[in-house]
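A.B. asks: Generate coordinates for the sequence data below:
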Amino acid sequence: MKKLEFKNIKRKAVDVRSETAISLEFLENNATLPLIIKPAIANLDLAEWTCANRDFIDAKLLKHGAILLRDFQITTAPVFERFGLAICSELFNENGEHPRETVSGNVYTPVFYPSDRKLLWHNENSFNHFFPQKILFACRQPAQEGGETPIVDSRKVFELLNPKIKKLFLKKKVMYLRNYSDRLGLNWQKVFQTNNKAEVETRCRQAFIDFDWRENRLRTRSIRPAAVKHPKTGEMTWFTQAQHWHPACLDEQTRQLFKSSFQAEDLPRNCYYGDGTFIEDSVMEEICNIYQQLEVTFSWKKGDVLVLDNLLTAHGRNPFVGERQLLVAMGDMMSFADIEDLGEGK
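C.D. replies: Alright, predicted model coming up:
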C-alpha cells in the first residue's frame with residue numbers, strides 16, 4: 001500500500017460552490033449517476049483539488065455512487081496514480097486475480113476479455129472476502145467504436161428484485177466455485193502469485209475460502225453475501241458477481257463450449273446458492289434483465305476519469321472495435337467482516 005505525499009501544495013480548500021473552480025452536471029436532466037465534474041478554471045490540478053476537497057467528493061460519491069471527472073486530461077499512469085492516492089487513503093497493489101497487466105505501481109490495465117463480447121455488470125471482487133471500496137478508471141484512448149463502461153446503481157437493483165428472489169439470496173447467500181488449471185482460465189500459481197501450496201492454503205483460510213487439491217489442480221469454494229448494508233449510508237445494495245460465474249449468463253458460444261468440455265462441478269467458474277443447490281437459469285435471467293433496465297452508459301473521452309463506490313455501483317464493459325486503452329486503480333480495501341461489524345453498530 002502506498003500513501004500520497006503532496007509537496008508545495010497550498011492546503012487552502014477551493015470553494016466548491018463557486019463556478020470559478022468546478023461545474024457540476026449530469027448526462028440527462030433526470031439522471032442520478034454519474035455526477036459529472038468539470039474544471040471551471042484553466043489548469044486546475046485534479047489531484048491537488050481532490051486533496052483539498054476530499055470530504056466534498058466523498059459526500060457526492062456516497063450520494064450518486066459514480067463521479068465522472070471530465071476535461072482534467074488525465075492520460076498517464078503517474079498522474080492517474082497521483083489522483084488515486086488523493087481520493088483513496090491507500091491503493092491496492094496486489095492483483096493476481098485477473099488476467100491484466102501492471103502499468104506502474106498501483107495502476108493496472110483492465111481485465112482481459114474478448115473485445116467482441118460484453119463483460120457483464122459486477123461489483124469488483126465481491127466474490128472475495130476482501131474488496132475495494134473505490135475503483136477508478138482513466139481513459140488514455142477511447143475505442144474507435146463501443147467500449148463504454150456501463151454502470152448500474154446497485155441500490156436500485158436491490159429495490160427492483162422480486163421479493164421472493166431477494167429473500168432467497170439473503171437467506172442462502174452465494175457460493176462461488178472455482179477450478180484453477182492450465183486447461184482454461186488462470187492457474188493457481190498465477191492467481192496467488194506463488195508456487196507454494198502451503199502459502200496458498202494459508203491465504204485461503206485467511207480469506208474464508210474452502211479448498212481441496214486434485215494433484216496439482218486447485219478447487220475453491222467460498223460463500224459470500226448477495227446483498228450488504230453500506231457501512232456509511234446504511235442503504236441495502238446488491239453486491240455480487242453471480243452474473244460472471246453462472247453458466248446461464250455466458251454468451252452462447254462460450255456456454256456451448258463449456259457444456260461440451262466440462263461437468264458443472266469442473267467449470268472454471270460456477271456459482272450456486274450458499275447451500276450448494278443450483279441457482280435457476282430463470283432467476284439469473286430476471287436479475288440480468290434488471291441490470292439491463294438500469295444500465296447507464298456514456299462515451300469515453302480521452303482524459304476522462306471515472307470513480308465508483310464499488311458497493312453502490314456495478315460496472316461492465318461493452319464490446320468494442322479498435323484499440324481501447326484504459327487505466328484502472330482500486331483503493332480503500334475492506335472486507336465483509338468490516339461491513340457486518342459496521343452494520344451491527346448502526
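A.B. asks: S104: neighbouring residues, count only.
C.D. replies: Neighbour count for S104, taken as other Cβ atoms under 10 Å: 12. In short, each C-beta sits where N, CA and C put it, glycine included.
A.B. asks: Next, the contact list for the residue lying closest to it once chain neighbours are set aside, please.
C.D. replies: Leaving aside its chain neighbours, S104 sits nearest to A77 (4.3 Å; criterion: Cβ to Cβ, 6 or more residues apart in numbering). A77 is in contact with V103, S104, G105, V107, L327, counting by Cβ atoms under 8 Å, 6 or more residues apart in numbering.
A.B. asks: can you tell me which residues contact the second one?
C.D. replies: Residues near S104 by Cβ under 8 Å, 6+ apart: A77, P78, E81.
A.B. asks: and which of these is nearest to M236?
C.D. replies: E81 (33.1 Å; Cβ to Cβ).
A.B. asks: tell me the pLDDT at the spatially closest residue to that closest one that is not a sequence neighbour?
C.D. replies: Leaving aside its chain neighbours, E81 sits nearest to V107 (5.1 Å; criterion: Cβ to Cβ, 6+ apart). pLDDT recorded at V107 is 90.
A.B. asks: Nearest residue to the middle of the chain?
C.D. replies: The centre of the chain sits closest to E124, judged by Cα atoms, centre = their mean, with a distance of 2.7 Å.
A.B. asks: Tell me the most packed of the contacts of A77, by neighbour count.
C.D. replies: When neighbours are counted by other Cβ under 10 Å, L327 leads these with 24 neighbours.
A.B. asks: Nearest to R317 among the contacts of S104?
C.D. replies: Of all these, A77 has the smallest distance to R317: 19.6 Å, by Cβ to Cβ.
A.B. asks: Averaged pLDDT, the longest helix belonging to the chain. What do you get?
C.D. replies: The longest helix of the chain (DSSP state H) is helix 281-294. For helix 281-294, the mean per-residue pLDDT is 96.
A.B. asks: now do stretch 250-263
C.D. replies: Mean predicted lDDT for stretch 250-263 stands at 80.
A.B. asks: Of all the residues in it, which ones are buried?
C.D. replies: Residues of stretch 250-263 classed as buried: L250, F258, F262 (neighbour count, 16 or more other Cβ atoms under 10 Å).
A.B. asks: Which ones among the residues you listed map onto helices?
C.D. replies: Going by DSSP H, the helices hold F258 from those.
A.B. asks: re earlier: got a pLDDT number for the residue nearest to S104?
C.D. replies: As predicted, A77 sits at a pLDDT of 93.
A.B. asks: Following the chain onward from the longest helix of the chain, which element is next?
C.D. replies: Proceeding N to C from helix 281-294, the next assigned helix or strand is strand 305-309, under DSSP states H and E.
A.B. asks: average pLDDT across that following strand?
C.D. replies: 98.
A.B. asks: Run a quick neighbour tally on the residue nearest to F262 when sequence neighbours are not counted.
C.D. replies: Spatial nearest neighbour of F262, chain neighbours left out: P268 (7.8 Å); criterion: Cβ to Cβ, 6+ apart. With neighbours defined by other Cβ under 10 Å, the count for P268 comes to 17.
A.B. asks: Same question for F169.
C.D. replies: F169 has 23 nearby residues by other Cβ under 10 Å.
A.B. asks: same thing with A42?
C.D. replies: A42 has 5 neighbours, counted by other Cβ under 10 Å.
A.B. asks: Look at it and report its pLDDT.
C.D. replies: pLDDT, A42: 87.
A.B. asks: so which helix or strand takes in it?
C.D. replies: A42 belongs to no helix or strand when assigned by DSSP H and E.
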